[in-house]
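[1] Next input, structure requested:
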Amino acid sequence: IATTYWHPTALWRGALPIAELMGTAMSAQYRPVVGGWPQTAENHGLGMQLTETNSTACSGMPGVSDAFASAIWGIDWMLYSAELNLRRINFHSGEINGQNSYYNPIASTAGSNGLFDTEARPLYYAMHLFEAAAPGNALYPVAVQSAANITAYATSRCEACPVHVFVINKDLSASADVSVDFGRGMGSAFALALSAPALDSTTDASYGGRQFDGATGLLDGIPDTNPVPADGGGIYHLRLETASAVLLTTMLVPGMPPAH
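    Numbers count the residues shown, from 1 in each chain. Below is the predicted model of the structure:
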C-alpha cells in the first residue's frame, strides 16, 4: 500500500471552532494535499490510504472533536476521501494527560475489577453510517443545488443493487428541504437519520433513533427507517434539520450511468 497522513487543522495554530470544521475551505485544502497520489499509487498497482487523520492534530478540540460536529464532519470526510480515490482512512486516537483524546471515536476509562467503561462518541456513529452503505460500493455522480452548506454522495454495489444517497447538512443554522431527483422512475425508498440536538452536543447522538451501547458497541435496538415515497414526478423529498445527515436508500433501475 501507499500511505499518507493529514490532519486538516492543528491546535498549535489556534483553537478549532465548529464553524471552521464545517466550512468548505477544509475540503478545498484537502483536495490538493491528496493531489495525484492515488493515481500514482494505482500506476504502481497500489491502493492509496490515509493512515492517520482526525478533526485536528494534538488530541482534538474539546467541545468540537468530541461533539456531534465531529460526526457530521466525519461522515463527509470519509465519503469525500472516497471521492478523491483513497481506498481507506484511519481515524487517529490516543490520550492526553492520561485521559482519552477528545477525538477518540471510542473512549475507554479504567473501571472496577480491572475492566474498562467504554463510550461510543459521535464520530463512532458516523463510522457506522459510512459502513452501512459505502464500503465496496462504487460512487455515482451527484450534484447539490442549495444555498445551505449541504453535501451529497451516491453509492451502489451493482446495476441491480440498491442506490444509497448520503445527504449531509453541514450548515451551522439552516434546516433544509431536500429533493432527490434520479432523473427517472425509481423504486421504494427509506431514510435513516443521524442526528443530535445541536452540533455542539456531546451526548444524545441518535442513529435512527437509537444509541450505541458502550459496553458492546452495538445499537440498543433496531434503528428506525422512515419510508420516503416519490412524488408524481419521481422525486423524493427529505427534511434535513441542522446537525443531521440522512441516508436515503432506493432500489436501482437498470440503465443508471456508470460509476466514476
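
[2] Just give me the residue right at the centre of this structure.
    Ile75 (0.7 Å; C-alpha atoms, centre = their mean).

[3] Helix or strand for it, just tell me which one.
    Secondary structure from DSSP states H and E places Ile75 in helix 69-83.

[4] same thing with Met127?
    Assigned by DSSP H and E, Met127 belongs to helix 122-133.

[5] What are the buried residues along that helix?
    Pro122, Leu123, Tyr124, Tyr125, Ala126, Met127, His128, Leu129, Phe130, Ala132, Ala133 (16 or more other C-beta atoms under 10 Å). The way it works is simple: take the backbone N, C-alpha and C, and place the C-beta from them, glycine included.

[6] in its sheet, what does whichever helix or strand comes after that helix sit against?
    Using DSSP H and E, the helix or strand that follows helix 122-133 towards the C-terminus is strand 138-140. The strands beside strand 138-140 in its sheet (DSSP bridges) come out as strand 150-156 (antiparallel).

[7] by contact count, what packs against the helix or strand following the strand it pairs with?
    Downstream of strand 150-156, the next assigned helix or strand under DSSP H and E is strand 163-169. With contacts taken as 3 or more C-beta pairs under 8 Å, 6 or more residues apart in numbering; DSSP states H and E, strand 163-169 sits against helix 69-83, helix 122-133, strand 150-156, strand 176-181, strand 235-240, strand 244-250.

[8] how about these, which one is nearest Asn100?
    Evaluated over those, closeness to Asn100 peaks at helix 122-133, with 12.0 Å, by C-beta to C-beta.

[9] low-confidence ranges in the stretch 101-250 of the chain?
    Along the stretch 101-250 of the chain, the model assigns pLDDT under 70 to no residue.

[10] In terms of secondary structure, what does the helix holding Ile75 contact?
    Secondary elements touching helix 69-83 (3+ C-beta pairs under 8 Å, 6+ apart): helix 18-22, helix 24-34, strand 88-91, helix 122-133, strand 150-156, strand 163-169, strand 189-195, strand 244-250.

[11] starting at the chain centroid, how far to that helix?
    Helix 69-83 has its C-alpha centroid displaced from the chain centroid by 4 Å (C-alpha atoms, centre = their mean, to the nearest Å).

[12] Could you provide the helices and strands packed on strand 163-169 in TSV, with additional columns for distance to Ala57?
    Formatted as TSV, those follow (distance: least, C-beta to C-beta, whole Å):
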stretch	distance to Ala57
helix 69-83	14
helix 122-133	15
strand 150-156	23
strand 176-181	32
strand 235-240	30
strand 244-250	25
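
[13] These: which one's closest to Phe190?
    Comparing the helices and strands packed on strand 163-169 under C-beta to C-beta, the one sitting nearest is strand 244-250, at 5.9 Å.

[14] Format the CA atom coordinates belonging to the closest one as PDB.
    Provided in PDB are the C-alpha atoms of strand 244-250 (Å, rounded to 0.1, in the frame of the first residue of the first chain):
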ATOM      1  CA  SER A 244     -28.100  15.900  10.800                       C
ATOM      2  CA  ALA A 245     -27.300  13.600   8.000                       C
ATOM      3  CA  VAL A 246     -29.700  11.200   6.100                       C
ATOM      4  CA  LEU A 247     -29.000   8.000   4.300                       C
ATOM      5  CA  LEU A 248     -31.700   7.500   1.600                       C
ATOM      6  CA  THR A 249     -31.800   4.000   0.100                       C
ATOM      7  CA  THR A 250     -33.800   3.200  -3.000                       C
END
